[in-house]
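Chemist: Here is my input; please provide its structure:
(4 chains)
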There are 2 protein chains.
Amino acid sequence: MAEVTTSLSIGQVAERTGLSVHALRFYEHEGLFVNPVRRGPGGRRVYRQDDVDWLTVCIILRASGMPLTALRRYADLVRQGAGNEEERRTLLREHQARVTTQIDRLAECLDLIRFKVGVYEDLLDPDSAADHQCHAPGR
Amino acid sequence: MAEVTTSLSIGQVAERTGLSVHALRFYEHEGLFVNPVRRGPGGRRVYRQDDVDWLTVCIILRASGMPLTALRRYADLVRQGAGNEEERRTLLREHQARVTTQIDRLAECLDLIRFKVGVYEDLLDPDSAADHQCHAPGR
DNA sequence: CTAGGATCTAGAGTTGGCTCTAGGTCAAGC
DNA sequence: GCTTGACCTAGAGCCAACTCTAGATCCTAG
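Modeler: Here you go, the predicted model:
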């Protein structure tokens, strides 16, 4: 039960990460990988599990709105190795702040949306209408 | 203290909504206004407070990720007048669901980000390090 | 030997949502 | 009468992040 260093093809990585093979090549081209992607016979890309792990992190950062430029910056720092941990922390903290801000903003939007849904709810079946305060813009 | 029907120029609307004049013309072109924008002397756009109110709603829906196509659909429904409230409710409910999903997703991402910030925190001043569980991918 | 499928590179195309430009009109103030 | 600034239209340009295409190579199975 030891798979010490399993090699993965680009197709396999695409499958396990959910990224397209196109996106994987694109990410590589953009310098988003920490380890330069090795090549096997015929010039084919060979990935390992830690590439997949890194991609998993990338996907999460992307999903939370980090632009590729910032992701590249982070990859650069990690690639450079020990010594720049403070900068990495700063980068992540800034992103963290943006994400919390974004969540708050969305929660506010959700308030209005809920309110408006509520208005239509009352309109469409007034029986189950609760009382609502009315302080939002029309329509 | 009665400003019964104040007319606003495109510049004034831009100022109060935060949208650019370009964006306002673009939104009009895209059919996102409920009332066709009236024109004053010289063909200039004349807005009123309820346009601003509507734009406020638009801005919130946009900020929560509603694409312009959906916003246009909603505007169409409102423009058509009474009778399609159910469809409006459906549209808003669907958007509401997407927003809550998005908030949840962001919250999950935030977990990882916090974890990683924590790792660098511990690394950079280990004195104040609390204990952490370790189950996230590397770097 | 050959057909199929996965891979390769380089670069063009797409999408959404604006933003900007060019060239012109119009009203007010000096 | 002239400049200034806000406005007009139509359409081009931009940005991010992919996605897709073309044409070539390589490996495996039949």
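Chemist: Let's see the pLDDT reported for the closest residue to A:Leu8 other than its chain neighbours.
Modeler: Leaving aside its sequence neighbours, A:Leu8 sits nearest to A:Tyr47 (C-beta to C-beta, 6 or more residues apart in numbering or on different chains; 4.3 Å). For glycine as for every other residue, the C-beta is placed from the backbone atoms N, C-alpha and C. Predicted confidence (pLDDT) for A:Tyr47: 96.
Chemist: quick one, the top helix by length along chain A and helix B:85-124 angle?
Modeler: Longest helix of chain A, by residue count under DSSP state H: helix A:85-124. Between helix A:85-124 and helix B:85-124, the angle comes out at 160 degrees (axes from the mean of the first three to the mean of the last three C-alpha atoms, to 10 degrees).
Chemist: So what's the residue count around A:Thr90?
Modeler: Neighbours of A:Thr90 under the rule other C-beta atoms under 10 Å in any protein chain shown: 14.
Chemist: Quick check: the residue nearest to A:Leu8 touching A:Thr6?
Modeler: No. Contact criterion C-beta atoms under 8 Å: A:Tyr47 and A:Thr6 do not qualify, at 9.3 Å.
Chemist: Which one of the two is surrounded by more residues?
Modeler: For A:Tyr47 versus A:Thr6, neighbours defined as other C-beta under 10 Å are more numerous around A:Tyr47 (24 against 10).
Chemist: how about the residue in chain A that DNA strand C sits nearest to, secondary structure?
Modeler: The nearest approach of chain A to DNA strand C comes at A:Gly11, 2.6 Å away (C-beta to the nearest atom of the strand). Three-state call for A:Gly11 (DSSP: H, G, I helix; E, B strand; the rest coil): helix.
Chemist: Next one: A:Asp51 relative to A:Arg88, how far apart?
Modeler: Separation of A:Asp51 from A:Arg88 (C-beta to C-beta, to the nearest Å) stands at 19 Å.
Chemist: Oh, that last question was meant for A:Arg16, not what I typed.
Modeler: A:Arg16 is 25 Å from A:Arg88, by C-beta to C-beta.
Chemist: Count the neighbours of A:Pro36 for me.
Modeler: 9.
Chemist: Which of the helices or strands spans it?
Modeler: Assigned by DSSP states H and E, A:Pro36 falls within no helix or strand.
Chemist: Let's see the pLDDT reported for it.
Modeler: Predicted confidence (pLDDT) for A:Pro36: 92.
Chemist: Please apply the same query to the one 3 residues further on.
Modeler: Per-residue confidence for A:Arg39 comes out at a pLDDT of 94.
Chemist: Would you mind naming what in chain A lies close to DNA strand C?
Modeler: Residues of chain A lying near DNA strand C by C-beta under 7 Å from any atom of the strand: A:9-12, A:14, A:21-22, A:25, A:43-45.
Chemist: tell me the least confident of those?
Modeler: A:Gly43 (90).
Chemist: Dihedrals phi and psi, that one?
Modeler: Dihedral pair for A:Gly43: phi 80, psi 20, per degrees, to the nearest 10.
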